[in-house]
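Novice: pasting the structure only:
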């Protein structure tokens, strides 16, 4: 899962149209609070949309080096649907019945405590597979996946997915690579929130991790912001007010700059030095 940096509370989230990036909003959802829980389409629904689904490109590690035959069979098995932001695609302790391939949009991955607190594990980008660990193991889901932007998703029934892996060894190898990447990202998350002593150190480490995917410019590393202060707090287990204070302190020291929805780190070395000094 890729990660996204913090956005200024006043700037808010990027404006959305209420429609998914790839087409009309899917209406087969059930309201749960402010979010919606997705109800998977029937096979008859899928057949009605099958022709349109074939036009989508397939990003991601899973599709790397797959044969034309394998790709055609994937298209024949996949049920493609669209959903608006805040749609809950996977809920913790839910049985694993489908494997979801994110084609367009972004999905927020999190876990929740018994007392209702949430820890964000990361943001899934197009090309990533949702619910892969549970699909392979057969265990209940241990994460919640919620659409962060309008999304387009291809869904395969779990047993069909496992049979597909048996028929196409390359796909099976790609799944192993995906699981390895997920493990490495989880280890990095634990390093960030578990081994750092202070909230400021956790935040600095998280920003440095984001910078690996940022854009290098003459003024420093530039990162496109997306999350609110409250959401970034859920990344490292602190309050919104704490994130606001830390960000204000870093800006006053010249370690970060914020220009609307853009976060800039002028010097990675200075921020790293600050991390160890905090």
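Specialist: Yep, that arrived. Just so it is clear, the structure is predicted and the values come from calculations on it, not from any experiment.
Novice: Domain boundaries for this protein, per the record?
Specialist: Under automatic domain parsing, the residue ranges defining each domain of the chain are 29-191, 196-277.
Novice: Put together JSON lines for those domains, with mean pLDDT and mean neighbour count on each row.
Specialist: C-beta coordinates here come from the backbone N, C-alpha and C atoms, glycine included. Output for the domains of the chain, formatted as JSON lines (pLDDT from 0 to 100; neighbours: other Cβ atoms under 10 Å):
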{"stretch": "domain 29-191", "mean pLDDT": "82", "mean neighbour count": "17"}
{"stretch": "domain 196-277", "mean pLDDT": "87", "mean neighbour count": "17"}
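Novice: mind listing the helices for this structure?
Specialist: 43-53, 68-77, 132-137, 158-167, 169-194, 199-211, 229-236, 240-252, 268-277 (DSSP state H).
Novice: The spatially closest residue to residue 130 that is not a sequence neighbour: what's it in contact with?
Specialist: Leaving out its chain neighbours, the residue that sits closest to residue 130 by Cβ to Cβ, 6 or more residues apart in numbering is residue 100, at 4.0 Å. By Cβ atoms under 8 Å, 6 or more residues apart in numbering, residue 100 lies in contact with 89-90, 129-131, 145, 153-155.
Novice: need the helices of the chain in CSV with distance to residue 149, can you?
Specialist: Formatted as CSV, those follow (distance: least, Cβ to Cβ, whole Å):
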stretch, distance to residue 149
helix 43-53, 20
helix 68-77, 24
helix 132-137, 20
helix 158-167, 25
helix 169-194, 20
helix 199-211, 18
helix 229-236, 13
helix 240-252, 21
helix 268-277, 28
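Novice: For residue 116, find the nearest of the ones you listed.
Specialist: helix 229-236 (11.8 Å; Cβ to Cβ).
Novice: do you know which of the helices of the chain lies nearest residue 84?
Specialist: Residue 84 lies closest to helix 43-53 among these, at 16.9 Å (Cβ to Cβ).
Novice: re earlier: against residue 194, how distant is the residue nearest to residue 130?
Specialist: 28 Å (Cβ to Cβ, to the nearest Å).
Novice: Equivalent analysis for residue 109, please.
Specialist: 18 Å.
Novice: Any idea what the residue nearest to residue 130 is bridged to?
Specialist: residue 130, residue 155 (DSSP bridges).
Novice: can you check the one 10 residues further on too?
Specialist: Under DSSP bridges, the beta-bridge partners of residue 110 are residue 120, residue 144.
Novice: Tell me which residues touch it, please.
Specialist: So residue 110 contacts 118-121, 143-144, 146, 234 (Cβ under 8 Å, 6+ apart).
Novice: Could you dump these into CSV and include distance to residue 220?
Specialist: Output for the contacts of residue 110, formatted as CSV (distance: Cβ to Cβ, whole Å):
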residue, distance to residue 220
118, 31
119, 29
120, 25
121, 27
143, 33
144, 34
146, 32
234, 26
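Novice: where do the strands sit along the stretch 1-150 of the chain?
Specialist: Using DSSP state E, counting those that start in this stretch, the strands of the stretch 1-150 of the chain run over 29-32, 35-38, 79-83, 87-90, 98-104, 107-112, 118-124, 129-130, 144-147.
Novice: Distance to residue 166 added to these, as a markdown table?
Specialist: Output for the strands of the stretch 1-150 of the chain, formatted as a markdown table (distance: least, Cβ to Cβ, whole Å):
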| stretch | distance to residue 166 |
| --- | --- |
| strand 29-32 | 33 |
| strand 35-38 | 27 |
| strand 79-83 | 20 |
| strand 87-90 | 24 |
| strand 98-104 | 14 |
| strand 107-112 | 27 |
| strand 118-124 | 25 |
| strand 129-130 | 17 |
| strand 144-147 | 26 |
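Novice: quick revisit: so the residue nearest to residue 130 versus residue 128, what's the distance?
Specialist: 9 Å.
Novice: Good, we can wrap up now.
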